[in-house]
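Asker: Mind folding the following:
(2 chains)
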Amino acid sequence: MATEAQSQTASSAAISVPSIALVFLLLAAASYGALIWAPTENTMGLVQRIFYFHVSSAWSGFVSFILVFIGSVAYLRTRALKWDWLSVASAEVGVAFFTIVLVTGPIWAKPVWGIWWTWDARLTSSFLLWVLFVSYLVLRTLVEEPERRALVSAVFGIFATLDIPLVYFSIWWFRTQHPQPVIGDGGKLDSRMGWVLLLCWAATLGVMTVLIRLRYRLEALRAEVDSYRMEASRDA
Amino acid sequence: MTLVRATGVILSKELRTEFRSRELLVTTAVFVLIVVVLFSFTFNPTSSESRRFGPGLLWLAFLFAGSLMLQSSFLREQTNDTLAALRLAPIDPFSILAGKMAANFLFLLLVEVILLPVFAVLYNVAILPVLTPLLLVLTLGTIGLAATGTVFSAVAAQARLRELLLPLLLLPVLAPVLIASTEATIGILRDPPELSLVWLTFLACFDVVFLTAAWMVGEYLLEE
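Answerer: Next up, the predicted model:
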C-alpha cells in the first residue's frame, strides 16, 4: 500500500506486495501446469512444453504493443507525458516478450524441424515485428528533449502498430504462395493443454503488468529528477 | 486557402526548389543504378533467374533510394529555418506535409521511370508490353513509400544520427510494400503476364491506411 507521502509523487505508481505475490503464484501454477500436469505431446515429446510459454509470451507481447498504440494516441490527444511513459514501458516489455518468443521458437524448432530457423510466415512476421519496436526504442534514445521525444515516438508508435496487421497479411499471403515448411501437426489437442496455455497466458500477462508498471514508475521518477535538475540549473 | 490549393502551392515550391538544381534526382538515380549493378554480382542474372529475383532487387533498390532521398525533405528546411515560416502561413498544417508527400512521390516515380528501361536492358526483361500494369504497381508502391517516408523524414529530422535513423524507421515499416510490389511485379513479368489483384488491392490498402494516419498525425508532427 502506498503511504501518504508517496502518493503525492510519481512513485504512487509503485506496485503492492500482494499483486507481486499473485503474479509469482500464477507463474508457479503455470510452470507446474506446463511442465508436469499437461500430458506429454505424442510426436514432439517434452520439448513441446516450451510452447506454453512461447505462445503466451507472443500473446502478451501483442497486448504490450497494443498498449503502445493506446499510449501513443492518448499522448497526441492529451499531451500528458504519462501516456508517453506508458508507451515506452509497454514497448520495452513487448520487445522483451518477443525476444523470448524468438529465442524459445528455435529451441523448439531445432529438435522438431531439425533447423533453428525457417523463413516461415509466422517466424518472419514475428521477427519483423521485433525489429519494428527495436527501431522504436532506438528512435527514443536519439531524441533528447522529453516533449519532442514523446511526440515523434508517438507518431512512429502509431505507424508501427498500424503496420502489424499489414505485415502479417502480406507475409502470410507471400508465404502461402511459396513452398511451406513442414510444421508438426499437433493433432487433437488435449483439453488440459488448452487450460495450461490459458494459465500461462494469465501468468505472462501478470508479469507484463508488473514490468510495465515498474518501468512506468522508473520513467516517472526520471522525469521528476529531470525537472529538479532543470530547476537547479535555472537557479544556478 | 483550401487544403488542396495550399498543397498545390507547397508542391510547386518543392518542385521549383528541386528543378533548379536537380541534385536530389540525379544523386538518387545514380544511387539506384549503382545498387542495380552491384546486385548483378550477387547472383547470375540470366533471364529466367532475373524474372524471379529482378523485381525484388529493383524494389529493394527503390526502397533504399527512398530512405536516402527523403532525408532532405525536411532537412532542407532546417538550414534557414524555413519550416517555421511555412508554419506561420495561414494554411492547414497538413497541407505542408501533403505538398511534400506529393513532391516526394513525383521525384521517386520519376527516378523509377527513368531507371525502368535501364533495368529492363541490364536484366534482359521485356517491359514494353506490360508497361501499363507495371506503372500501376509503381504508382501504388511509390505512394506508400512517399507517404510513410515523408512522415518519418519529419520524425528523423528531429533526432540525432538522422541519416542512419530514417532507413531504420522506414525499411521495416515498408516490408509489406516490398513484398506486395515485388510479388505484383513478378506476376506482371511472368510469361504470360498476370496482374495480381490481391497484391494491388493490398498496396492500395497500405496507401489508404498510411495516408489516413499521416493526415491524422500531420498537424502534431509539424508543430513547434
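Asker: What about A:Trp119? Give its phi and psi, please.
Answerer: Backbone geometry at A:Trp119, expressed as degrees, to the nearest 10, gives phi -80, psi 50.
Asker: got the contact list for it?
Answerer: Neighbouring residues of A:Trp119 by C-beta atoms under 8 Å, 6 or more residues apart in numbering or on different chains: A:Arg175. (Each C-beta comes from the backbone N, C-alpha and C, glycine too.)
Asker: Let me know whether B:Leu221 touches A:Leu151 as I believe.
Answerer: Yes. Assessed by C-beta atoms under 8 Å, B:Leu221 is found in contact with A:Leu151 at 7.4 Å.
Asker: and B:Arg160, what helix or strand is that in?
Answerer: Assigned by DSSP states H and E, B:Arg160 belongs to no helix or strand.
Asker: Please name the nearest non-neighbouring residue to it.
Answerer: Leaving aside its sequence neighbours, B:Arg160 sits nearest to A:Leu142 (C-beta to C-beta, 6 or more residues apart in numbering or on different chains; 4.6 Å).
Asker: doesn't B:Leu161 make contact with that neighbour?
Answerer: Yes. Judged on C-beta under 8 Å, A:Leu142 makes contact with B:Leu161 at a distance of 5.5 Å.
Asker: between those two, which one's more packed in?
Answerer: A:Leu142 (18 against 13; other C-beta atoms under 10 Å in any protein chain shown).
Asker: Number of residues surrounding B:Ala126?
Answerer: Residues near B:Ala126, counting by other C-beta under 10 Å, number 11.
Asker: Look at it and give its secondary structure.
Answerer: coil (DSSP: H, G, I helix; E, B strand; the rest coil).
Asker: That one against B:Pro117, yeah?
Answerer: No. Using C-beta under 8 Å, B:Ala126 makes no contact with B:Pro117, being 11.0 Å away.
Asker: What helices and strands are in contact with the host helix or strand of A:Pro18?
Answerer: Assigned by DSSP H and E, A:Pro18 belongs to helix A:17-32. On a contact count with 3 or more C-beta pairs under 8 Å, 6 or more residues apart in numbering or on different chains; DSSP states H and E, helix A:17-32 meets helix A:50-78, helix A:191-235.
Asker: which of the residues in that helix are buried?
Answerer: For helix A:17-32, the buried set under the neighbour-count rule, 16 or more other C-beta atoms under 10 Å in any protein chain shown, comprises A:Val23, A:Leu26, A:Leu27, A:Ala29, A:Ala30, A:Ser31.
Asker: what sits up against it?
Answerer: With C-beta under 8 Å, 6+ apart as the contact definition, helix A:17-32 has outside contacts at A:52-53, A:56, A:196, A:199-200, A:202-204, A:206-207, A:209-210.
Asker: if you set the cut-off to 10 Å instead, what comes out?
Answerer: By C-beta atoms under 10 Å, 6 or more residues apart in numbering or on different chains, the residues outside helix A:17-32 that reach it are A:1, A:15-16, A:37-38, A:49, A:52-53, A:56, A:196-211, A:213-214.
Asker: Tell me which of the helices and strands packed on helix A:17-32 approaches chain B most closely.
Answerer: helix A:50-78 (5.2 Å; C-beta to the nearest C-beta).
Asker: For that closest one, name the packing helices and strands.
Answerer: Secondary-structure packing of helix A:50-78 (3 or more C-beta pairs under 10 Å, 6 or more residues apart in numbering or on different chains; DSSP states H and E): helix A:17-32, helix A:81-113, helix A:121-141, helix A:146-176, helix A:191-235, helix B:197-221.
Asker: Minimum distance to B:Leu106: which of these has it?
Answerer: Checking those against B:Leu106 by C-beta to C-beta gives helix B:197-221 as the closest, at 15.3 Å.
Asker: Could you list the low-pLDDT ranges of the chain?
Answerer: Went with chain A since none was named. Per-residue confidence for chain A (pLDDT under 70) gives these ranges: A:1-14, A:176-189.
Asker: ah, no, chain B please
Answerer: Within chain B, the stretches with pLDDT under 70 are B:45, B:47, B:224.
Asker: And the helices in it?
Answerer: According to DSSP state H, chain B carries its helices in the segments B:3-21, B:23-39, B:47-69, B:71-78, B:82-88, B:93-122, B:131-156, B:162-173, B:175-189, B:197-221.
Asker: Would you mind saying which of the ones you listed lies nearest A:Ala109?
Answerer: With respect to A:Ala109, and counting by C-beta to C-beta, the nearest of the helices of chain B is helix B:175-189 at 22.0 Å.
Asker: is that closest one up against chain A anywhere?
Answerer: Yes. Helix B:175-189 reaches chain A (C-beta under 10 Å from any C-beta of the partner chain) through B:Ala175, B:Pro176, B:Val177, B:Leu178, B:Ile179, B:Ala180, B:Thr182, B:Glu183, B:Ile186, B:Gly187.
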